[in-house]
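Trainee: fold the following for me, if possible:
(chains A, B and C)
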Amino acid sequence: MTRFVSRATCAFVLIPILATLVAATSVDFSQGPWGGGVTLDWFAYAWPPLAPVIGRSLAVAAIVVALNLLLGGPLAWWVARHPSPLTRLTGYLVNVPLAVPGIALSVALVGTYPMLRPSGLLLVMGHLVFTLPFTLAALTPALADTELRTNESVARSLGAGPLRVLRTITVPACLVAVTQAVTMVFALSFGEFNVSFFINPPATSTAPFALFDSYSTQRLESASAQSAIFIAFVVPVLTAVVLARRRAPRRTP
Amino acid sequence: MPVRAPARGRAVPGPAWLAALPALIVIGLFSVHPVMVMVAGSLGVGRPPADEGLTLDHYTRAFGSETVRSALLDSVLIAGGSVLLVLLVAVPVVLRQADDDRHGRGGVATDVLLTLPIALPGIIIGFFAIVLTGRTGLLGLAWGGFSGLAYTFSGLLVAYMYFSLPRVLGPLRGAAATLDPALTESARTLGASRTRVFTTVTLPLLLPALIETSGTAIAVALGGYGTVATLSEGVRLLPLNVANELTTGYRLADSSALAVILAVTAVLALVLGRALSRLVRRAVAA
Amino acid sequence: MTTTVSTDSRSGGPDGAVRAAGLAVDDLNVRYGDTTAVEGVSLDVAPAETVAVIGPSGCGKSSTLRAVAGLVPVAGGTITLAGRDVTSLDPARRNVGLVPQNYAVFPHMTVAANIAYGLRARGVPASERRARVGEMLDLTRLTELAERRPDQLSGGQRQRVALARALAIRPDTLLLDEPLAALDPQLRGGLRRELSGMLAATECATLIVTHDQREALSLGSRILLLRDGRPVQFDTPRRLWDDPADAFVADFLSGAVLLEAERDHDHAVVMDGRWRIPVRELDVRPTEHGSTRLLLHHDGLGVVDEEETPDDGSALVAEVEHVEFTGDALHLTVRAGGHALGVRVPPGTRVGRSVALTVNPGRAALLTPNP
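Mentor: The predicted model follows:
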């Protein structure tokens, strides 16, 4: 029974993706699946304009990941190691973008910093505050782990300085959590649409906007090809998320 | 001979919160402050062009509008309905996953597939609905009733189920993993049927997590803009109105008021979920 | 090691009656995928009897218990419970009382509701149910805790809740999986005696799985020893102690050593002739297991002073590997002829790098097969 429901749920996720692939390889989808024959032309047609946009999205995602580690890492360390009413309040504040719908946050950001929009800075910052909660959620429990803290004090008692402890004990122990955070943040930023809606630089937009545009202006086959290309970029990142999660030590609360 | 630690000038570290400061500044500047500015703007005390003086006009106008009211209602129904429907399939799925995890079974492929929708922007999910149940959709070939379903209430409901699926499965899986299999095994040996074990042991123990997860997932689904944006010629949801106020004429204060209404609804779902979950946890324990 | 346990070699256990009332397991096989967890295990438990299944971790003892409870599929053999063949019966319909290792007390129910769970599932009327729960609370001395929640109970109290819950349904067999392993070692002794008292008060055929030999010896009226999923010996504690089937049984159960021996007129010759012990010093007993062997428990050997060492070969010179002070004695681990031996000596004994050992008269046994 549970197996049947699991299979059916997987099918529910998979079928639309397969259908999109069918549409993307049909000469004329309005004549039915592979109507008019099978073709890869739609991919060839979709790729050249999409390539630079995807490149831009990858770059934004990479910057957002770097900022997440740079700012979120120390933040998670503080929250994990110095719990106080102040860190609890910080926890609530960090999670504001999870409670406030993306489109609302987008309105708030563009209303407050319209001048930062054209440069793309506002987009990066929007993605950063939107993804920081995920980084914090992944890193804080790993850094709060008592075994890790014991190992750190043992390393210090053996004469290792703070930087050596960080490099040889803390970072290796958190590697799975970091991988999880990095891949998740990357995937979220790459596909982000809601927060980005009003803060993306209009002339040089990101991949989801190219898709959105093609949905309203292009043929279904071409839009399908673009969607398929986009999904092809997401799947490896997400596989990494899942693999990292499977390697994570199970914490029983 | 004892090995001494190298004598190292102990650098006096600054206070620990210094490490968190850059992140805190960014959060303050780009999350907390803009939200406050937005709330102020919706009350007429924002920056130009939303600086007409303290007023509730934008809210009265919003709630006075029939379209906004029906959009809000539809938003709540779609978000709540899709999450509740997902729960029906999510419970058996996470129980199976927990079982598989304990026995070291369970493939990566299933795992990836069930997590994938979280990384897909809502617009793609809307597009899926068009490909399958749009006017020339694939399923429409099998049965005419599927044609154009994407633009109806039930079509949107299914699309938002796709959107909510990983957001329900993720947290629920953790909760299912903490259920001790010895509990259900003991209940079985005591003579309880599978159904009875499910209703008297599994479900009560899972219920707090179910409620809390629902609250969170409903909050996220309420804000899901991309899916309905792609399917905007059908049922209209509140996020569309938020965007419209800006895209058609840059009415920042009106847009802010709608955004605040949407945000408050989402926070309400979140808080309600947490509170109810705590209540149920206590009730179940007693 | 191919020691077979045949039905007729076991002492006690009225076979026909067991099949009618108690629990009987015949030639049980359990497989998980390609790995065999249990192979050819047979045992029987009479009503009001307690049988302990013991062995090192991974020996298949838990799988045996779970197979009886119906929680793992049986690959071969039969399980008979109160005269019914339950081998492939649903666990809910076997009428067994299971007490899992962590007790699995339902955390969202009171003590009383936990105990009533099986009765409710059986549709027992409320008045009868209350009476039965009351009885069980009395038996396990939990009456005052009836309305408590499990998170307010100690480990020992939880164990009693699980026991009361299992007994409430009047099971045909009671299954205890490592009943004391989850408890504080310092409390185990007292709780073991308490458990033994409660078990004595029931008429249930009880099967206990444990890795702790003390638990098995004190709780079981008979003990089945498993190794690598196969049965090694099934007998009373006394006979396991006095006549172990092989060196593994002797070592696992009591830390004793079992040495191959030969009888040379009035001497027992051990370790290729390095040690010749006068038979009059030994307790000569018949064995049911194979050849002549010398059984040495910790109290079987003593240390003699160098000047008093007899030179007739009746003393064994052994290297001391380890000395442990246990309060009332010194526990020596010594090595001779490729064997490690445990020796308990009085705390004042002088111990050098090597010691001369002789058997304490009457305390070491020479097991001789029946002619």
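
Trainee: okay, which residue is most central for chain A?
Mentor: By C-alpha atoms, centre = their mean, chain A has its centre lying nearest to A:L188, at 2.1 Å.

Trainee: what residues does stretch C:338-347 touch?
Mentor: Outside stretch C:338-347, the residues that touch it by C-beta atoms under 8 Å, 6 or more residues apart in numbering or on different chains are C:255-257, C:259, C:271, C:296, C:298-299, C:301-303, C:318, C:321, C:325, C:327-335, C:351, C:355, C:357. All C-beta spots, glycine's among them, are computed from the backbone N, C-alpha and C.

Trainee: now with 6 Å?
Mentor: Residues outside stretch C:338-347 that contact it (C-beta atoms under 6 Å, 6 or more residues apart in numbering or on different chains): C:G255, C:V257, C:H298, C:D299, C:L301, C:V303, C:A329, C:L330, C:H331, C:L332, C:V334.

Trainee: so which of the residues you listed is the closest to chain B?
Mentor: C:G255 (32.2 Å; C-beta to the nearest C-beta).

Trainee: following element in sequence after the helix or strand B:M161 falls within, please.
Mentor: Assessed by DSSP states H and E, B:M161 sits inside helix B:153-177. Later in the chain than helix B:153-177, the nearest helix or strand by DSSP H and E is helix B:181-189.

Trainee: what does stretch B:173-188 contact?
Mentor: B:94-95, B:97-98, B:197, B:201, B:205, B:209, C:71, C:91-92, C:98, C:100, C:102, C:104.

Trainee: which of those come close to chain A?
Mentor: Restricting those to those within reach of chain A (C-beta under 6 Å from any C-beta of the partner chain) leaves B:L95.

Trainee: that older thread, just the ones in strands from the contacts of stretch C:338-347, please.
Mentor: C:V257, C:L301, C:V303, C:L330, C:H331, C:L332, C:V334 (DSSP state E).

Trainee: between these, which is closest to A:L69?
Mentor: C:H331 (56.2 Å; C-beta to C-beta).

Trainee: so what's residue 208 up against?
Mentor: By default, I'm working from chain A. So A:P208 contacts A:F193, B:P121 (C-beta under 6 Å, 6+ apart).

Trainee: the intended chain is chain C.
Mentor: Here C:I208 is in contact with C:A52, C:L176, C:L219 (C-beta under 6 Å, 6+ apart).

Trainee: swap the cut-off to 7 Å and go again
Mentor: C:T50, C:A52, C:L176, C:P179, C:L219, C:G220 (C-beta atoms under 7 Å, 6 or more residues apart in numbering or on different chains).

Trainee: what about residue 232, how many neighbours?
Mentor: By default, I'm working from chain A. 9 (other C-beta atoms under 10 Å in any protein chain shown).

Trainee: wrong one, chain B
Mentor: The number of residues packed near B:S232 is 16, by other C-beta under 10 Å.

Trainee: that one reaches B:L240, doesn't it?
Mentor: Yes - here B:S232 reaches B:L240: they are 5.9 Å apart, a contact under C-beta atoms under 7 Å.

Trainee: residue in the stretch 201-350 of chain C nearest to chain B?
Mentor: Counting by C-beta to the nearest C-beta, the stretch 201-350 of chain C gets nearest to chain B through C:L207 (12.9 Å).

Trainee: for that residue, which three-state class applies?
Mentor: Assigned with DSSP: H, G, I helix; E, B strand; the rest coil, C:L207 falls in the strand class.

Trainee: quick one: it and C:L180, what's the gap?
Mentor: 15 Å (C-beta to C-beta, to the nearest Å).

Trainee: in terms of neighbours, single out the busier of those two.
Mentor: Counted by other C-beta under 10 Å, C:L207 and C:L180 do not tie: C:L207 has more neighbours, with 28 against 24.

Trainee: check the closest residue to chain A within chain B and give its pLDDT.
Mentor: Nearest residue of chain B to chain A: B:G223, at 2.3 Å (C-beta to the nearest C-beta). B:G223 carries a pLDDT value of 87.

Trainee: need the per-residue pLDDT for A:G91.
Mentor: At A:G91, pLDDT is 87.

Trainee: repeat for C:R19
Mentor: 46.

Trainee: could you give the angle of the top helix by length along chain B to helix B:153-177?
Mentor: Ordering each helix of chain B by length in residues (DSSP state H) puts helix B:66-102 first. Between helix B:66-102 and helix B:153-177, the angle comes out at 40 degrees (axes from the mean of the first three to the mean of the last three C-alpha atoms, to 10 degrees).

Trainee: show me what helix B:66-102 is packed against.
Mentor: helix A:2-24, helix B:153-177, helix B:203-223, helix B:238-247, helix B:252-285 (3 or more C-beta pairs under 7 Å, 6 or more residues apart in numbering or on different chains; DSSP states H and E).

Trainee: residues near the residue of the stretch 1-150 of chain C found nearest chain A, how many?
Mentor: When scored by C-beta to the nearest C-beta, the stretch 1-150 of chain C has C:N102 as its residue closest to chain A, at 12.4 Å. Number of residues near C:N102 (other C-beta under 10 Å) recorded here: 18.

Trainee: with C:V105 instead?
Mentor: 24.

Trainee: tell me the pLDDT of the spatially closest residue to it that is not a sequence neighbour.
Mentor: Nearest non-adjacent residue to C:V105, counting by C-beta to C-beta, 6 or more residues apart in numbering or on different chains: C:P150, 4.3 Å away. pLDDT for C:P150: 90.

Trainee: repeat for the one 5 residues further on
Mentor: Each residue has a pLDDT score; the one for C:G155 is 88.

Trainee: what separation is there between it and chain A?
Mentor: Here C:G155 is placed at a distance of 18 Å from chain A (C-beta to the nearest C-beta, to the nearest Å).

Trainee: contact residues of chain B facing chain C?
Mentor: Within chain B, the positions lying close to chain C (C-beta under 7 Å from any C-beta of the partner chain) are B:180, B:182-183, B:185-193, B:196, B:201, B:204-205, B:284-285.

Trainee: which residues does whatever helix or strand A:F186 lives in contact?
Mentor: Element membership for A:F186, per DSSP H and E: helix A:175-190. Outside helix A:175-190, the residues that touch it by C-beta under 7 Å, 6+ apart are A:57, A:60-61, A:64-65, A:68, A:127, A:131, A:134-135, A:138-139, A:142, A:233-234, A:237-238, A:240-241, A:244-245, A:247-248, B:119.

Trainee: pull out the buried residues from the residues you listed.
Mentor: Neighbour counting by 16 or more other C-beta atoms under 10 Å in any protein chain shown classes A:57, A:60-61, A:64-65, A:68, A:127, A:131, A:134-135, A:138-139, A:142, A:233-234, A:237-238, A:240-241, A:244-245, B:119 among those as buried.

Trainee: so who does A:S119 touch?
Mentor: Taking C-beta under 7 Å, 6+ apart, one finds A:P201 in contact with A:S119.

Trainee: in a helix, it, correct?
Mentor: No - under the criterion used here (three-state DSSP), A:S119 is coil, not part of a helix.

Trainee: C:G362 versus that one, what's the distance?
Mentor: 98 Å.

Trainee: can you name the residue of chain A nearest chain B?
Mentor: A:P101 (2.3 Å).

Trainee: tell me, how many residues neighbour the spatially closest residue to that residue that is not a sequence neighbour?
Mentor: Leaving aside its sequence neighbours, A:P101 sits nearest to B:G223 (C-beta to C-beta, 6+ apart; 2.3 Å). Using other C-beta under 10 Å, B:G223 is surrounded by 28 other residues.

Trainee: quick check: B:G223 vs C:T50, distance?
Mentor: 62 Å.
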